[in-house]
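# Fold the following for me, if possible:
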Amino acid sequence: MVSPMPKKKSVSMLPAERIEKSILLIRGQKVMLDSDLAQLYDVETKVLVQAVKRNLQRFPEDFMFQLSKEEFDALRSQTVTSKGRGGRRYAPFAFTEQGVAMLSSVLKSDRAIDVNVAIMRTFVHLREMLASHKDLARKLTAMEKKYDNQFKVVFDAIRQLMTPPPEPKKGSKIGFRTGDEDDE
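Here you go, the predicted structure:
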């Protein structure tokens, strides 16, 4: 009997939520940090960074940038990471969507390829969600304008009902008139 080939660990089991939580907005761009990517690729952060540094020409500033000290400090305070021994000694690198795609040419393992596919799908999903939110916001604005006008009509009618009727003129008779009264 032939023994079955060992199944490779599927990256499709990576929950999209895990990837989505790793995507941050820094400098107005959606990025992923080197440490989060290293975790997903199942390599040490320093290995990922070394591979990138050996191929810097593949990572222009719009693909990857290093966080400033202020950005790093703000990030550290948000995530409550250690500042002392065992913590990072340099600011992390942030990879844009294009930078993440370029990583597949630098990290040449099956896992890297599978992870990249999952990350690219997540970026596309986020873009689609953003587009649908913009569409929803446009529809909501249109409805607000429509209903604001309708409520204006209702409020005008209520104000009209709240206005007291004009007082009768002095000397005018109270009651019903009959056609006979004009003859008097």
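# okay, now residue 41: neighbour count?
Per other Cβ atoms under 10 Å, the neighbour tally for residue 41 reads 23. The way it works is simple: take the backbone N, C-alpha and C, and place the C-beta from them, glycine included.
# Where does the prediction get shaky in the protein?
For the chain, the stretches flagged by pLDDT under 70 are 1-15, 79-87, 136-137, 140-141, 143-145, 147-156, 158-159, 162-164, 167-177, 179-184.
# 50 instead, please
2-11, 82, 84-85 (pLDDT under 50).
# all helices of it, in order?
Taking DSSP state H to define them, one finds helices in the chain at 16-22, 34-41, 45-54, 69-79, 97-106, 110-162.
# winner for burial among those helices?
Stretch with highest mean neighbour count among the helices of the chain: helix 34-41 (a mean of 21; mean count of other Cβ atoms under 10 Å).
# For residue 31, grab the count of nearby residues.
23.
# how close does residue 108 get to residue 51?
Distance, residue 108 to residue 51, using Cβ to Cβ, to the nearest Å: 9 Å.
# could you redo the helices of the chain as a markdown table and give each row distance to residue 91?
Listed next are the helices of the chain as a markdown table, based on distance: least, Cβ to Cβ, whole Å:
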| stretch | distance to residue 91 |
| --- | --- |
| helix 16-22 | 17 |
| helix 34-41 | 10 |
| helix 45-54 | 11 |
| helix 69-79 | 4 |
| helix 97-106 | 16 |
| helix 110-162 | 22 |
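# quick one: which of the ones you listed is nearest residue 62?
helix 97-106 (6.8 Å; Cβ to Cβ).
# Show the contacting residues for residue 40.
Contacts for residue 40 (Cβ atoms under 8 Å, 6 or more residues apart in numbering) come out as 14, 18, 19, 22, 115, 119.
# Apart from its chain neighbours, what residue comes closest to the second one?
Taking Cβ to Cβ, 6 or more residues apart in numbering as the measure, residue 18 lies nearest to residue 40, with 7.8 Å between them; neighbours along the chain are not counted.
# do you know how far that neighbour is from residue 89?
According to Cβ to Cβ, residue 40 stands 22 Å off from residue 89.
# likewise residue 48?
Looking at residue 48 against residue 89, where the rule is Cβ to Cβ, the gap reads 16 Å.
# ditto for residue 66
13 Å.
# which residue packs closest to residue 24, ignoring adjacent ones?
Distances taken as Cβ to Cβ, 6+ apart place residue 31 nearest to residue 24, at 5.7 Å, with adjacent residues excluded.
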